[in-house]
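Q: Structural data only, the sequence is not supplied:
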C-alpha cells in the first residue's frame with residue numbers, strides 16, 4: 001500500500017497531496033484508475049518499465065488529450081516531449097520543448113522534485129492540488145507513471161492530468 005503526503009507549499013490554498021504508489025481507490029477519476037491498472041499490468045508482464053507505445057492499446061485513446069510525456073535530461077531536469085490538446089488548453093500553455101526547471105512556480109519545483117524521486121523509486125505517483133491561480137482549473141488530479149523513454153537517459157514519465165472545476 002502506498003503512502004500519502006500532504007505537503008504545504010507557499011501560496012497554495014490547500015496542501016499538495018501526493019500518493020506514492022497509489023491504489024486505484026486513491027485516484028478519483030476512472031481514467032486515472034484505468035491508466036494505473038494498465039501500467040501495472042504492462043510493468044509486471046514485461047518485467048521492465050513500459051514505453052508509451054506499449055500503453056497505447058486502448059487506454060491512450062481515452063486519455064491521450066490529457067497526457068504529457070517528459071524525458072529525463074542532464075542535471076536532474078526533464079523536457080516536455082509531448083502534450084495533449086486538452087491538457088495544454090487547461091494549463092494555458094503548450095510546454096513541449098521546455099524544461100520543468102524553466103517554470104518558476106512552487107508547483108513546478110514540487111513536480112521537479114517528485115520526478116527526480118521517481119527516477120529512484122520507479123513507482124507511480126498520484127497528485128491532487130489546487131493551482132496558484134484557479135482561473136482555468138480549480139483542482140488538478142494527476143497520475144505520474146514512469147516509462148521507458150526514447151531519450152538519451154532512457155527514463156521519463158507519462159503524466160495524465162485531469163482538471164476539475166467547481167460545480
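A: Now that the structure is in, tell me what you want to look at. What you are looking at is a predicted structure, and each value in this text was computed from that prediction instead of being measured.
Q: Give me the distance between the host helix or strand of residue 45 and the centre of its chain.
A: Following DSSP states H and E, one finds residue 45 within helix 30-46. Relative to the mean C-alpha coordinate of its chain, helix 30-46 is positioned 14 Å out (CA atoms, centre = their mean, to the nearest Å).
Q: and what of stretch 14-22?
A: Using CA atoms, centre = their mean, the offset of stretch 14-22 from its chain centre is 12 Å.
Q: where does the protein dip in pLDDT?
A: 1-2, 56-58, 134-135, 151-153, 166-167 (pLDDT under 70).
Q: re earlier: what's downstream of the helix holding residue 45, the next helix or strand?
A: As assigned by DSSP H and E, the chain's next helix or strand after helix 30-46 is helix 52-55.
Q: in the helix holding residue 45, what counts as buried?
A: Under the neighbour-count criterion of 16 or more other CB atoms under 10 Å, helix 30-46 has 31, 32, 33, 34, 35, 36, 38, 39, 42, 43 buried. Where you see a C-beta, it was placed from the backbone N, CA and C, and this is true even at glycine.
Q: Over to stretch 62-69?
A: 63, 64, 66, 67, 68, 69.
Q: Tabulate those (TSV), appending distance to residue 129 and secondary structure.
A: Converted to TSV, these look like this (distance: CB to CB, whole Å; DSSP: H, G, I helix; E, B strand; the rest coil):
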residue	distance to residue 129	secondary structure
63	19	helix
64	23	helix
66	16	helix
67	18	strand
68	16	strand
69	20	strand
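Q: Name the nearest of these relative to residue 83.
A: Closest to residue 83 out of these is residue 68 (4.2 Å), distances taken as CB to CB.
Q: Now that that closest one has come up, it's in contact with residue 159, right?
A: Yes: if you go by CB atoms under 8 Å, residue 68 and residue 159 touch, sitting 5.1 Å apart.
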